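In: For reference, the sequence and a predicted model appear below.
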Number of protein chains: 4
Amino acid sequence: MKNTFGKTVSVTLFGESHGPAIGAVIDGLPAGVPVDADRIALELFLRRPSGNISTGRREKDEFIIESGVFGGFTCGTPLCILIPNSDTKSADYDFSMEKASRLARPGHADFTAHVKYGGFEDFRGGGHFSGRLTAALVAAGAVVRGALEKKGIFIGTHIAEIADVSDRAFGDIGADISALSEMAFPVLDESAEERMKNKILEAANDGDSVGGVLETAVFGLPAGLGEPWFDTVEGILAHALFSVPAVKGVEFGKGFALSKMRGSEANDAFVNDGERIITETNNCGGILGGITTGAPLLYRVAVKPTPTIFKEQSTIDLEIGENTVIKAKGRHDPCIVHRAAAVINNLSALVLCDMLTCRYGEEWLKP
Amino acid sequence: MKNTFGKTVSVTLFGESHGPAIGAVIDGLPAGVPVDADRIALELFLRRPSGNISTGRREKDEFIIESGVFGGFTCGTPLCILIPNSDTKSADYDFSMEKASRLARPGHADFTAHVKYGGFEDFRGGGHFSGRLTAALVAAGAVVRGALEKKGIFIGTHIAEIADVSDRAFGDIGADISALSEMAFPVLDESAEERMKNKILEAANDGDSVGGVLETAVFGLPAGLGEPWFDTVEGILAHALFSVPAVKGVEFGKGFALSKMRGSEANDAFVNDGERIITETNNCGGILGGITTGAPLLYRVAVKPTPTIFKEQSTIDLEIGENTVIKAKGRHDPCIVHRAAAVINNLSALVLCDMLTCRYGEEWLKP
Amino acid sequence: MKNTFGKTVSVTLFGESHGPAIGAVIDGLPAGVPVDADRIALELFLRRPSGNISTGRREKDEFIIESGVFGGFTCGTPLCILIPNSDTKSADYDFSMEKASRLARPGHADFTAHVKYGGFEDFRGGGHFSGRLTAALVAAGAVVRGALEKKGIFIGTHIAEIADVSDRAFGDIGADISALSEMAFPVLDESAEERMKNKILEAANDGDSVGGVLETAVFGLPAGLGEPWFDTVEGILAHALFSVPAVKGVEFGKGFALSKMRGSEANDAFVNDGERIITETNNCGGILGGITTGAPLLYRVAVKPTPTIFKEQSTIDLEIGENTVIKAKGRHDPCIVHRAAAVINNLSALVLCDMLTCRYGEEWLKP
Amino acid sequence: MKNTFGKTVSVTLFGESHGPAIGAVIDGLPAGVPVDADRIALELFLRRPSGNISTGRREKDEFIIESGVFGGFTCGTPLCILIPNSDTKSADYDFSMEKASRLARPGHADFTAHVKYGGFEDFRGGGHFSGRLTAALVAAGAVVRGALEKKGIFIGTHIAEIADVSDRAFGDIGADISALSEMAFPVLDESAEERMKNKILEAANDGDSVGGVLETAVFGLPAGLGEPWFDTVEGILAHALFSVPAVKGVEFGKGFALSKMRGSEANDAFVNDGERIITETNNCGGILGGITTGAPLLYRVAVKPTPTIFKEQSTIDLEIGENTVIKAKGRHDPCIVHRAAAVINNLSALVLCDMLTCRYGEEWLKP
């Protein structure tokens, strides 16, 4: 049971929201992969809160590569990337004060962390459970994004739904991924953005929050990745995706909708298009028997609404175990769906890197 | 990338549908756990095809424990359980004949196996991808079910949906799990069974197939299991569940429905009920921040319709790569949802065993 | 803590000396590797007791490949190989009788197994700790030996020492490995065989046993395998080698002798011989910084004398915990050094296969 | 193939000798373990070069705990410890200059790193292969040393041999470990120190170096740790120990000397001493069948002489591949045996922590 993911290329996340720094170690990268600081900065920017639909906490997300890079290229040894915590309002989380009165936020990990760690958890700002940790994950994934793209593998995520507003489905996947690549609020149908943001603001005005669905496409994966049992492509991706805070469901291709179809409708017919064998449809999301078909990977995650809200909720005081009420103060996102898109893109990059490196060898990622 | 699952208690599946045997090795069981052959036989029975809604293939599923058990108790060493393949109609899968003309069944792994294994795959009856392999998984899980129950941990799965027929939701979870425990077609609302079976027969009469949704509850897990990053309870379970053939979606608690709620509706309020801290609702499915709350675990999987159908479908011939059509012959299930319930129960048992043993030590399962 | 070894190509051993069967599962072999039953039989023969210097137990070591092979080639799925236990004199190990009076053999695992498994261990014939298990390991390794050789990688082990008799050192490693390949008592200097065997018989006549040192050479490995930290080539090989029963020391190159040299004597000078960069000597055993140099790998293991002897020794009765004496009866080897050579060769093959597959990808072993 | 070690409690090392920092991440520590900065500083001091027998490089080894500790106790999340590189003489390793003429030091990893990383390695000061990395390992191990000691488990290492000078053997192990605990040149026989140091200075005066043998004892381990196959206590410890730079041999108990004994001499007789079952001797080093007996663990490692010497040696220029000679300049240790003792102690602490936590559960280390 570990805070590490990956077999050949693995990532370990560390850090607490209000500790000195957060960071990640990537082990298993081959030497000779160019490391592009601008790309890392871009991906961190896409994850960062911004505008009136986000928390007021403004981290600069300046990162330091402590190891594993030499002269602009990976040198083959574990790469540690550190993001110092700069904007931590310590008064918001005064140790002694909070110790005297700690309220478990409903829907958040305060209670489970308290039980698991027996009161020794770093509760300040959610500690290790803070969404802040996703910055380190994004930075780690961003290290490999460019190298994957040079291999022809592109990843894009759009907001499929927020509240009851839907984006259009993926169409021309290559073009769609390209269009999404620098959007902080990634939608395929421009008109959806305003409608979704209105829903977010509506909820925010009510002191409430909303969730949504993110849909990801991966273009350019070879056929034949994945194992029939346990290390299916679905299983490995889902394992990683469920660690993104607030994700409560993962489906591939048509997912739950497949369960309502008949076989004749759900099956993707094979056809030789003159050049290669493809499927006419992609209901299976590019995976059959746990193994990639060569078609784009398609998956969707359900993101629950942000748990921290400005409405009064029943809860307990963790110090004394008594019933009480809680109502959030300070800086909190009414919606994190759009910010989670960057997390999912970069986490997916790490996971795919690992699968591909297992399959094709430790040097695969090297240009 | 492996056909093995689990860290402390792990299971490796092996075997092909038409090879000499299928089986599993469980490594990491402590010594002194009673092994109940009747329980293994019962779980195999629940998975077995039966009646007019299933394939005509009738395996006796006689199993041999080759190692790891001595005098009726585990002896602490790897337990190998073998299920010889008895009812393999070899004529149905004549080696030379099939080699000359192999059609990729749409929705099945024939094509991806062919690409991955480069033509060396054992294609007879789906080989390693056959649903037959789940018998070995059920047997392996059944070894630990009884021991888990002695620790107060109970697992039950019902058919939440088939086609457009729904079962009722879990109510009194302890009682519901108990009621489901020996049902080959597990539903909570008796009246749903006939309606669902009618849907299956309807599809079968059309030469077609149906899918559905299975919902699982786990009762009696302690709070505090799981890790915040990567080895979340959701991630680990999903990793395993996606290897069950036909599963294309996994959600916890209210899952995808949560993505449409507001925070105030989705959050589960905490309350001290006088004895312990619980949540008033269980929308989160018993998991917050990747860690168990102590409430029952609730999860649902989407099962796609059986891909092998008796309707003509476009496909390609894997030997020559040319377009053709396929229409199934022989023995095939029009629905495997009900049979998958036993697979999910016993696979879940293995996964939970592993998590609990990681947490509480290698001897935890010992009575 | 597992009875499994390997990351990409892994092997799990199972079985007890007097259970139904012993066996192994190899997971991670690519499809398309020819499986040569004669080679497996040869390697099993080389491990088998024979002549007057071995136990009288005669196992036929007939093996059954239960999965993972189709039409003479691996099919890419886990390969289970089973060796039924045929020659188990059950009267020698009557369950009830032994239960009443179980003596811990000094130098053997009876006591530690009893403590670890709390009395539930299968004590018959040493159970899982029996040297018998090495037959399954040999069979598993033999599956990949031929494929490694087709890649130009050859492994050979000779008896460097038994009692105070030494074999000559490796000279022309290619030729030496070839000469050793079918020897059941593998020595480079023919004259050493008789002198060693005399030492064994001398000890046997005294009711005692002898140990020795085995030296292994691996020819044809590429430079660049291994990691600087933890997964060094030395560390991985040693991890595996120490599980061979009776091995109590492992050294690479000049090993312990290096600790007495000065740097100027120990260092292997580099030289470009016109074609490639080599070392003039090979004191480091083909490994620097945990990584292969491209020179032959050289390693030695210390094999302790067989613990089961026909002299009276002080011990305790595990059932009642009281002091007593023990003196072996029945069939036991006065020396297992020569038989262990086959185990080390085939185990090494598995370990190298795994390292190479991690480095060069899952399909590397495929011809 | 990873720079990570451990299953339940794992450590990942990162950093290059002349990069911004070196460090380690420990994952799997339970919450509530006190973290003692003084102990970490002491262990780093014991590893640090000092006096006239060591390199002139003087690192302050100031460490920063970036995560995983809150209010003086572990908080249950990954603990990252960073040691900035302060005393890096960059002129000694000018990038462009060295690029133009890089000589592979015989006996060092320069060549193998160059082959493995294809010229992208950070060659400055040995990069990731530098002995400097062991500071991070020592710091990581020191985090858990105190907690292990509170559980009654003590580790001590003495210099058994340097050149041809031997220390006395372990006697009263508890007292001996205690005596060694703060010695920077750890010997049991005080008189050995001067004689050993003279040997080191003699070699240094010749521009040469010496190696030696370290012997470690672990007191207080329970019986029953370890697995029969692969994850033997010997195998796991050896796996870790071989990653300590310069270690070329590992033996347990009497090790290689056992291979020359007869069984009657090698076997450790069991005896019930009135309180518990012990062995009269400890030739097996506290391990039988891969599993601890409850007696002290005893193991020895062979440390080769430091490869960097001030004598002229033949080598090649890595840039142009041509033959040349090398003669060290600057600051280098003529012997690292004594400094390696701290590395082995603290690495052993991490490995034992992992084994114990696997066995007794994730919370085992918590006081």
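Out: Yep, that arrived.

In: pLDDT averaged over stretch A:207-217 - what is it?
Out: Averaged over stretch A:207-217, pLDDT sits at 98.

In: how about it, does it get close to chain B?
Out: Yes. Interface with chain B: stretch A:207-217 contributes A:Asp208, A:Ser209, A:Val210, A:Gly211, A:Gly212, A:Val213 (C-beta under 8 Å from any C-beta of the partner chain). Heads up, the C-betas are built off the backbone N, CA and C, glycines and all.

In: thought the fourth one was touching A:Ala246?
Out: Yes. In this structure A:Gly211 lies within contact range of A:Ala246 using C-beta atoms under 8 Å: 7.0 Å.

In: mind listing what the closest residue to chain D within the stretch 151-300 of chain A touches?
Out: Closest to chain D within the stretch 151-300 of chain A is A:Ser243: 13.3 Å, counting by C-beta to the nearest C-beta. The neighbours of A:Ser243, taking C-beta atoms under 8 Å, 6 or more residues apart in numbering or on different chains as the test, are A:Phe5, B:Pro228, B:Trp229, B:Phe230, B:Asp231, B:Thr232, B:Gly235, B:Gly290.

In: Of those residues, which belong to strands?
Out: Of these, the ones assigned to strands by DSSP state E are A:Phe5.

In: Neighbour-wise, which one of the contacts of A:Ser243 leads?
Out: Neighbour count (other C-beta atoms under 10 Å in any protein chain shown) singles out B:Trp229 as the most crowded of the contacts of A:Ser243, with 30 neighbours.

In: Can you identify the element that follows the helix or strand of chain A with the lowest mean pLDDT toward the C-terminus?
Out: Within chain A, no helix or strand scores below helix A:95-100, which has a mean of 46 by mean pLDDT, DSSP states H and E. Downstream of helix A:95-100, the first helix or strand assigned by DSSP states H and E is helix A:110-117.

In: Determine whether any part of that next one lies close to chain B.
Out: Yes. Judged by C-beta under 8 Å from any C-beta, helix A:110-117 comes into contact with chain B at A:Phe111, A:Thr112, A:Ala113, A:Val115, A:Lys116.

In: Need the pLDDT of the residue lying closest to A:Ser130 once chain neighbours are set aside.
Out: Sequence neighbours aside, A:Ser17 is the residue nearest to A:Ser130 in space, at 3.5 Å (criterion: C-beta to C-beta, 6 or more residues apart in numbering or on different chains). Note for A:Ser17: predicted pLDDT of 93.

In: helix, strand or coil for A:Ser17?
Out: coil (DSSP: H, G, I helix; E, B strand; the rest coil).

In: Please name the residues that touch it.
Out: Here A:Ser17 is in contact with A:Asn85, A:Thr88, A:Asp122, A:Arg124, A:Gly125, A:Gly126, A:Gly127, A:His128, A:Ser130, A:Arg132, A:Leu133 (C-beta under 8 Å, 6+ apart).

In: Which residues of chain A lie near chain C?
Out: Residues of chain A lying near chain C (C-beta under 8 Å from any C-beta): A:Lys7, A:Thr8, A:Thr77, A:Pro228, A:Cys358, A:Arg359, A:Tyr360, A:Gly361, A:Glu362, A:Glu363, A:Trp364.

In: Take those and keep only those in helices.
Out: A:Cys358, A:Arg359, A:Tyr360 (DSSP state H).

In: What is the burial count for A:Gly72?
Out: 10.

In: Now do the contacts for it.
Out: With C-beta under 8 Å, 6+ apart, A:Gly72 has these contacts: A:Pro34, A:Val35.

In: Distance-wise, check A:Ser181 relative to A:Val33.
Out: A:Ser181 sits 20 Å away from A:Val33, taking C-beta to C-beta, to the nearest Å as the criterion.

In: should've said A:Pro245
Out: 29 Å.

In: Low-confidence ranges, the stretch 101-250 of chain A, go.
Out: A:101 (pLDDT under 70).

In: All the strands of it, residue numbers only.
Out: Counting by DSSP state E, counting those that start in this stretch, the stretch 101-250 of chain A has strands at residues A:154-162, A:165-166, A:212-219, A:247-252.

In: For chain C, what's the nearest residue on the stretch 51-200 of chain A?
Out: For the stretch 51-200 of chain A, C-beta to the nearest C-beta, closest residue to chain C: A:Thr77, 6.9 Å.

In: I'd say A:Val9 and A:Ala349 touch.
Out: No. In this structure A:Val9 lies outside contact range of A:Ala349 using C-beta under 8 Å: 10.1 Å.

In: what residues do the two have in common as contacts?
Out: Joint contacts of A:Val9 and A:Ala349 (C-beta under 8 Å, 6+ apart) are A:Val144.

In: with the ones in helices among the residues of chain A next to chain C in mind, which one is nearest to D:His239?
Out: Nearest to D:His239, judged by C-beta to C-beta, of those is A:Cys358 at 21.1 Å.

In: OK, contacts around that closest one?
Out: A:Lys7, A:Thr8, B:Met1, C:Thr8, C:Gly361, C:Glu362.

In: Make a markdown table from these and add neighbour count, distance to chain D and pLDDT to it.
Out: Shown next, in a markdown table, are these (neighbours: other C-beta atoms under 10 Å in any protein chain shown; distance: C-beta to the nearest C-beta, whole Å; pLDDT from 0 to 100):
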| residue | neighbour count | distance to chain D | pLDDT |
| --- | --- | --- | --- |
| A:Lys7 | 19 | 9 | 93 |
| A:Thr8 | 28 | 8 | 93 |
| B:Met1 | 21 | 14 | 64 |
| C:Thr8 | 28 | 9 | 93 |
| C:Gly361 | 22 | 13 | 95 |
| C:Glu362 | 24 | 14 | 93 |
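
In: Which members of the residues of stretch A:207-217 next to chain B are the farthest-apart pair?
Out: Pairwise over the residues of stretch A:207-217 next to chain B, using C-beta to C-beta, the maximum falls at A:Asp208 and A:Val213, 18.4 Å.
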